[in-house]
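Student: Generate coordinates for the sequence data below:
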Amino acid sequence: MKISWIKEEKDNKNFAIAERLGMKVQRLKNPEDIDKTMEELVNQNYKTIVLSNEIAGFSEDIIKKYQNNQNVNIIISPRRWNN
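Tutor: Sure thing, here's the model as predicted:
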């Protein structure tokens, strides 16, 4: 099963463990590219895409395209709070 994680380029907190374990973590320079990036991953047969809460807010396609899509799971990670 192919899994990808997506976060903003400057985000150093979300998915840090996934990065250290060598998992594919996409860092977006422009958060508005999220829909294009998700479509590319789906076309590459990624079955699970995990988005940081911050980056998910920039997507218009999460609900429109993927809500009823049985071929891909979109997971939105809870917000990370600064202490």
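Student: what ranges do the strands span in this protein?
Tutor: Counting by DSSP state E, residue ranges of the strands within the chain are 3-8, 25-28, 48-51, 73-76.
Student: Adding mean pLDDT, mean neighbour count and distance to residue 65, write the ones you listed out as CSV.
Tutor: C-beta coordinates here come from the backbone N, C-alpha and C atoms, glycine included. Below are these laid out as CSV (pLDDT from 0 to 100; neighbours: other CB atoms under 10 Å; distance: least, CB to CB, whole Å):
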stretch, mean pLDDT, mean neighbour count, distance to residue 65
strand 3-8, 94, 21, 15
strand 25-28, 94, 18, 18
strand 48-51, 94, 20, 12
strand 73-76, 93, 15, 9
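Student: so what's residue 15 up against?
Tutor: The contact partners of residue 15, by CB atoms under 8 Å, 6 or more residues apart in numbering, come to 5, 7, 23, 25, 50, 52, 77.
Student: In TSV, list those along with distance to residue 34.
Tutor: Output for the contacts of residue 15, formatted as TSV (distance: CB to CB, whole Å):
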residue	distance to residue 34
5	13
7	10
23	18
25	14
50	12
52	10
77	13
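Student: so residue 52 touches residue 9, yeah?
Tutor: No - the criterion here is CB atoms under 8 Å, and residue 52 misses it with residue 9 at 11.3 Å.
Student: and the two? which has more neighbours close in?
Tutor: The neighbour comparison of residue 52 against residue 9 (other CB atoms under 10 Å) goes to residue 52, with 23 against 11.
Student: Contact partners for the more buried one?
Tutor: By CB under 8 Å, 6+ apart, the neighbours of residue 52 are 6-8, 11, 14-15, 76-77, 80.
Student: Pass me the low-pLDDT residue ranges in this structure, would you?
Tutor: For the chain, the stretches with pLDDT under 70 are 80-83.
Student: Show me how far the helix ranked longest in the chain is from its chain's centre.
Tutor: Secondary structure of the chain per DSSP state H: the longest helix is helix 34-43. Offset of helix 34-43 from its chain centre (CA atoms, centre = their mean, to the nearest Å): 9 Å.
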